[in-house]
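Student: Quick one: sequence plus predicted model below, questions after.
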Amino acid sequence: MLAALVTATSAFGFSKLQTPVYRSSIQVLIKPARADYGLTQTAVMLLRSYVSRMWTRDRAQEVIDSLGLMKGAEELKGDVTIASDNSRMVIQIDVDDYDGEQANRIAKQWATLLVQWRDSENQLQQKEDRVYAEILEEPSYHTLRPKTMINTAAGGVFGLVLGTLIVLGLEWAEAGLIRLPRELERDLGLTVLGTIPPQP
């Protein structure tokens, strides 16, 4: 129990010393102009190409310029994940940052660029062939790391296992220990009448 307490406390303290990193997420719905199977399937197949177009240095630089960020394009790209969900026709943008509100702004701006790009592309298409992008809701952030409660619980479990192994090891070592006659008399309250000499 002491080992569990020590490791849990250490994990809690370590988690509190870490600088929190927040993740903001925003979803953009990709929707065809008409409920046509062919157009819908085309839009599904194009989802990954939309992701590829948005996750570039140029798009990152546009976000940096729009928000006045003090970051390079590659550095910002390293904090952003863009993925598509074909089953829901959604593109999700995740942004990691030490400032949760800034992560929200970056995610919103990146999603806005996607919507603006689709709007400009649609101008070249017939209305019935257009594919629109729509932001589903405002971005929100949560703590990505450290997970203080999870780290503390894991530390406690690790300490409990470690402490148990130490106790078992000590018990095993003590069980195999050959005691002196006076120790046996003291512990058992009996008189030792004789001993078996060790084998040569």
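Tutor: Good, I have the coordinates.
Student: which residues does the residue nearest the centre of the chain contact?
Tutor: Central residue of the chain (C-alpha atoms, centre = their mean): Leu144, 5.6 Å from the mean position. Residues near Leu144 by C-beta atoms under 8 Å, 6 or more residues apart in numbering: 21-23, 96. In short, each C-beta sits where N, CA and C put it, glycine included.
Student: Next one: it from Ile26, what distance?
Tutor: Distance of Leu144 to Ile26, computed by C-beta to C-beta, to the nearest Å: 15 Å.
Student: show me where pLDDT drops low in this structure?
Tutor: 2-8, 10-18, 36-40, 146-148, 150-152, 155-156, 173-181, 183-185, 187-188, 192-200 (pLDDT under 70).
Student: thinking again about what came up before, filter the contacts of Leu144 down to the buried ones, ChimeraX style.
Tutor: Selecting only the buried entries of the contacts of Leu144 in ChimeraX, with 16 or more other C-beta atoms under 10 Å as the criterion:
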select :21,22,23,96
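Student: Just the ones of the contacts of Leu144 in helices?
Tutor: Among the contacts of Leu144, none falls in helices (DSSP state H).
Student: Next, give phi and psi for Leu190.
Tutor: When quoted as degrees, to the nearest 10, the phi and psi of Leu190 stand at phi -120, psi 160.
Student: Checking Gly159 next. Helix, strand or coil?
Tutor: Secondary structure, DSSP: H, G, I helix; E, B strand; the rest coil: Gly159 is helix.
Student: Surely Gln27 is in a strand?
Tutor: Yes: under three-state DSSP, Gln27 falls within a strand.
Student: Neighbouring strands of the helix or strand where the residue nearest to the centre of the chain lies in the sheet, and parallel or not?
Tutor: In this assignment (DSSP states H and E), Leu144 forms part of strand 140-145. With DSSP bridges as the test, strand 140-145 is paired with strand 21-32 (antiparallel).
Student: in the strand it pairs with, what counts as buried?
Tutor: For strand 21-32, the neighbour count (16+ other C-beta under 10 Å) marks 21-28, 30-32 as buried.
Student: Could I have the CA atoms of that strand written out in PDB?
Tutor: C-alpha atoms of strand 21-32 as PDB (Å, rounded to 0.1, in the frame of the first residue of the first chain):
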ATOM      1  CA  VAL A  21      -2.000  20.400 -24.300                       C
ATOM      2  CA  TYR A  22      -5.500  21.000 -25.600                       C
ATOM      3  CA  ARG A  23      -7.200  19.500 -28.700                       C
ATOM      4  CA  SER A  24      -9.900  21.400 -30.600                       C
ATOM      5  CA  SER A  25     -12.100  19.500 -33.000                       C
ATOM      6  CA  ILE A  26     -14.400  20.700 -35.700                       C
ATOM      7  CA  GLN A  27     -16.400  18.800 -38.300                       C
ATOM      8  CA  VAL A  28     -17.300  19.800 -41.800                       C
ATOM      9  CA  LEU A  29     -20.200  18.100 -43.600                       C
ATOM     10  CA  ILE A  30     -19.700  17.400 -47.300                       C
ATOM     11  CA  LYS A  31     -23.100  17.300 -49.000                       C
ATOM     12  CA  PRO A  32     -24.000  16.900 -52.700                       C
END
